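Asker: Kindly generate the corresponding structure for this input.
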Amino acid sequence: MKKSNKKRVSILTRNTNETKINVKVELDGKGKNSISTGLPFFDHMLEQLSKHSLINIELRCIGDLKVDAHHTMEDCGLALGNAIKEALGDKKGIRRYSFNYLPMDECLTRCCLDISGRPWLIWNVFLPNISIKDIETEIFREFFQSLSQAAGFTIHIENLYGKNTHHIIESCFKALAISMRNAINIDVRNSTNIPSTKGTLIGNS
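Answerer: Residues are numbered from 1 along each chain as shown. A predicted model of the protein is given here:
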């Protein structure tokens, strides 16, 4: 499935009976993106993730939207997470940890990230509306969960306060983007080492 990580690039295809996904990521990019999932609002959120992380993302998904948005969003998280994991390679030299507070108008969201090799999601986010643009808002957690699982990231996202559902969701994507941007960056003081006393960030060890 993965074709190249020479320049922290990965190309991946994921086909199931529910979704058909092609994704390419360039970790050392400029935030360029081309996203099409059949869900315009979700596309916009993935564009935010790319723009603010500076990860170039090309993603195409044909999903069973006649059922609902669940499989499309969950599987996009899996495909994107796997592509990022492959592009990171052995993770040598990365900063690994990052956190930030992301304000967006009336809301404030915190994201803490560890590129640990151990998937874990803490999602303390209350969304006032049950749907937005024909997407059940509870499905957004499933995207972050599947991204965490596939990438091997420990992600803690908490919305500290906010009233507008659009703003809260967007602040979650932007907060993750900023944390990813910082955590995947190469630390010039430690560029030849894996940032772990274990000597590995594969996980399960």
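Asker: can you count the residues close to Phe144?
Answerer: Residues contacting Phe144 under the criterion other Cβ atoms under 10 Å number 23. C-beta: built from backbone N, CA, C; applies to glycine.
Asker: residue closest to the middle of the chain?
Answerer: Leu147 (5.4 Å; Cα atoms, centre = their mean).
Asker: Which pLDDT value goes with that one?
Answerer: Looking at Leu147, its pLDDT is 98.
Asker: For the chain, just list every one of the helices.
Answerer: Shown for the chain, the helices assigned by DSSP state H span residues 40-53, 70-88, 139-151, 165-184.
Asker: Give me the contact list for the shortest one.
Answerer: Applying Cβ atoms under 8 Å, 6 or more residues apart in numbering, the set of residues contacting helix 139-151 from outside is 42, 68-70, 73-82, 84-85, 115, 119-121, 123, 125, 127, 153-155, 157, 169, 172, 176.
Asker: which of the residues you listed are buried?
Answerer: Among these, the ones that count as buried by 16 or more other Cβ atoms under 10 Å are 42, 69-70, 73-82, 84-85, 115, 119, 121, 123, 125, 127, 153-155, 157, 169, 172, 176.
Asker: any weak-confidence spans in this structure?
Answerer: Applying pLDDT under 70 to the chain flags residues 1-6, 204-205.
Asker: thought Thr109 was touching Gly162?
Answerer: Yes. Here Thr109 reaches Gly162: they are 7.4 Å apart, a contact under Cβ atoms under 8 Å.
Asker: which residues do the two both contact?
Answerer: By Cβ under 8 Å, 6+ apart, the residues touching both Thr109 and Gly162 are 168, 171.
Asker: what about Lys163, how many neighbours?
Answerer: For Lys163, the neighbour count with other Cβ under 10 Å is 10.
Asker: Check the gap between Ala69 and Trp120 for me.
Answerer: 24 Å (Cβ to Cβ, to the nearest Å).
Asker: and if you look at Ile62?
Answerer: 30 Å.
Asker: Could you do Met104 as well?
Answerer: On the measure of Cβ to Cβ, Met104 and Trp120 end up 25 Å apart.
Asker: One more: Lys133?
Answerer: For Lys133, the distance to Trp120 equals 29 Å [Cβ to Cβ].
Asker: my read: Asp105 touches His167, true?
Answerer: Yes. Under the criterion of Cβ under 8 Å, Asp105 makes contact with His167 at 5.4 Å.
Asker: In terms of neighbours, single out the busier of the two.
Answerer: More neighbours surround His167 than the other of Asp105 and His167, with 18 against 12 (other Cβ under 10 Å).
Asker: List the contacts of the more buried one.
Answerer: Neighbour list for His167: 104-107 [criterion: Cβ under 8 Å, 6+ apart].
Asker: Please give me every residue in contact with the residue nearest to Leu12 when sequence neighbours are not counted.
Answerer: Counting by Cβ to Cβ, 6 or more residues apart in numbering, Leu12 lies nearest to Ala83, which is 4.5 Å off, once chain neighbours are set aside. Counting by Cβ under 8 Å, 6+ apart, Ala83 makes contact with 2, 10-12, 23-25.
Asker: Ser34 versus Ala83, what's the distance?
Answerer: 14 Å.
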